[in-house]
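> Take a look and give me a structure for this.
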Amino acid sequence: MLGAIEAGGTKFVCAVGDENGKISDRIQVSTTVPAETMPKVYDFFNKYPVKAIGIGSFGPIDVNRDSSTYGYITSTPKSAWKDYPFVQALKDSFSVPIGFNTDVNAAALGEATFGAAKGLDSCLYITVGTGIGAGAIVQGELLQGLSHPEMGHILVRRHPDDKYQGKCPYHHDCLEGLAAGPAIEARWGDKGVNLVDRMEVWELEGYYIAQALMQYLLILSPKRIILGGGVMNQEQVFTNIYKYLKELVNEYVVLPELSEYIVRPGLGDNAGITGALMLAHRAFLMENQS
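Predicted coordinates:
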């Protein structure tokens with residue numbers, strides 16, 4: 001039995017399941033402070049004979065195994081979790097292998113294994129919600145270098161009619177600062193779910209997200225792009241992304257039919273937790289092969 005944690009900025013989802021992605025049990029707890037959230041995580045896993053645990057965490061996190069702060073949540077705006085030794089905290093309670101990566105990398109792994117990118121050796125998973133993050137599979141492996149990707153903070157060209165200054169506390173008008181859920185609410189004065197009929201809201205979203213996709217596909221050339229998160233529940237966003245991306249690419253790159261290339265998660269809301277199970281499975285295999 002494998003354990004999985006999808007650690008989000010609002011909630012933790014904890015689950016147990018197997019290497020085939022089948023989930024046997026799960027709970028959801030609020031992300032408050034470690035002293036409140038983590039004991040509930042420990043209580044859940046103590047009920048099961050887990051042989052490994054996979055974590056897909058909000059970030060930024062340290063994924064460099066050679067680093068002294070490997071396994072930490074690092075410069076997060078959630079101050080209670082800043083410099084939190086996530087992996088070590090679990091190792092102190094469970095003597096099992098721990099897989100650790102970002103929540104979006106976990107979701108990309110889940111979608112590549114069982115979801116919308118199954119059978120492909122590359123894909124890009126992007127979530128647009130409270131924040132914007134992306135994870136990538138390249139030649140069957142999670143993309144990682146100096147650190148994990150932080151694609152939500154790339155710079156995009158401002159729409160000429162957009163006077164909003166941006167919400168990101170680090171970069172103000174990066175992609176996340178202009179297009180994430182909090183930016184929508186701050187710019188338009190209401191949550192996106194209440195702005196369904198305001199076409200200008202979703203046209204602007206499509207304008208910014210299409211620019212980001214243009215950069216990602218030119219650099220990574222993924223075989224499929226998967227868009228998840230609450231903002232992407234608005235169907236009209238996809239329509240505007242297709243329109244603006246086609247204009248931006250301008251036939252420079254030959255792309256598949258966009259409605260088949262840029263899609264929703266095949267696993268729905270289970271992409272992240274399923275990917276965390278796969279991180280656990282990989283950690284178990286790695287430790288037992290060494």
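
> Spit out the contact partners of Val16.
Each residue near Val16 by CB atoms under 8 Å, 6 or more residues apart in numbering is listed here: Met1, Leu2, Gly3, Ala4, Ile23, Ser24, Asp25, Arg26, Phe45, Tyr48, Val50. For glycine as for every other residue, the C-beta is placed from the backbone atoms N, C-alpha and C.

> wait, Val96
Applying CB under 8 Å, 6+ apart, the residues near Val96 are Gly3, Val50, Lys51, Ala52, Ile53, Phe284.

> For Met278, see how far away Glu6 is.
12 Å (CB to CB, to the nearest Å).

> about what we covered before: among the contacts of Val16, which one is most surrounded by other residues?
Ala4 (32 neighbours; other CB atoms under 10 Å).

> I'd assumed it was in a strand, is it?
Yes: using DSSP: H, G, I helix; E, B strand; the rest coil, the secondary structure at Ala4 is a strand.

> Find the nearest non-adjacent residue to it, please.
Here the nearest residue to Ala4 in space, its sequence neighbours aside, is Ala276; by CB to CB, 6 or more residues apart in numbering that works out to 3.5 Å.

> The one you found: neighbouring residues, count only.
Residues within reach of Ala276, counting by other CB under 10 Å, total 33.

> State the distance from it to Gly266.
In terms of CB to CB, Ala276 sits 16 Å off from Gly266.

> Please enumerate the strands of this structure.
In the chain, the strands defined using DSSP state E lie at 2-7, 11-17, 23-30, 52-57, 72-73, 84-85, 98-102, 123-128, 132-138, 141-142, 225-228, 262-263.

> rewinding a little: Asp83: which of the contacts of Val96 is nearest?
Of all those, Asp83 sits closest to Ile53, with 20.9 Å by CB to CB.

> Give me the pLDDT value at the closest one.
pLDDT recorded at Ile53 is 98.

> what's the closest non-adjacent residue to it?
Counting by CB to CB, 6+ apart, the residue nearest Ile53 is Gly3, at 3.9 Å.

> Surely that neighbour is in contact with Tyr48?
Yes: under the criterion of CB atoms under 8 Å, Gly3 is in contact with Tyr48, at a separation of 7.0 Å.

> Who is the residue nearest to Ile53 paired with across the strands?
On the basis of DSSP bridges, Gly3 is bridged to Val16, Ile53.

> What score does it have for pLDDT?
Looking at Gly3, its pLDDT reads 98.

> Contacts only, for it.
Gly3 is in contact with Cys14, Ala15, Val16, Phe45, Tyr48, Val50, Ala52, Ile53, Gly54, Phe94, Val96, Ala280, counting by CB under 8 Å, 6+ apart.

> Please name the residues that touch the fifth one.
Listed by CB under 8 Å, 6+ apart, the contact partners of Tyr48 are Met1, Gly3, Val16, Asp25.

> try 10 Å this time
Met1, Leu2, Gly3, Ala15, Val16, Ser24, Asp25 (CB atoms under 10 Å, 6 or more residues apart in numbering).

> Kindly report the same for the second one.
The neighbourhood of Ala15, defined by CB under 10 Å, 6+ apart, consists of 2-6, 23-28, 44-45, 48, 54, 270, 273-274, 276-277, 280.

> Could I get the full set of helices for the stretch 101-250 of the chain?
103-114, 175-179, 181-188, 199-220, 235-249 (DSSP state H, counting those that start in this stretch).

> Listing partners with orientation, what would you give for the least confident helix or strand in the chain by mean pLDDT?
Within the chain, no helix or strand scores below strand 141-142, which has a mean of 93 by mean pLDDT, DSSP states H and E. Next to strand 141-142 in the sheet, as set by DSSP bridges, lie strand 132-138 (antiparallel).

> correct me, but Lys118 touches Ala271?
No: applying CB atoms under 10 Å as the test, Lys118 and Ala271 come out as separate, 11.8 Å apart.

> Give me the common contacts of the two.
Among the neighbours of Lys118, those also in contact with Ala271 (CB under 10 Å, 6+ apart) are Gly110, Glu111, Ala112.
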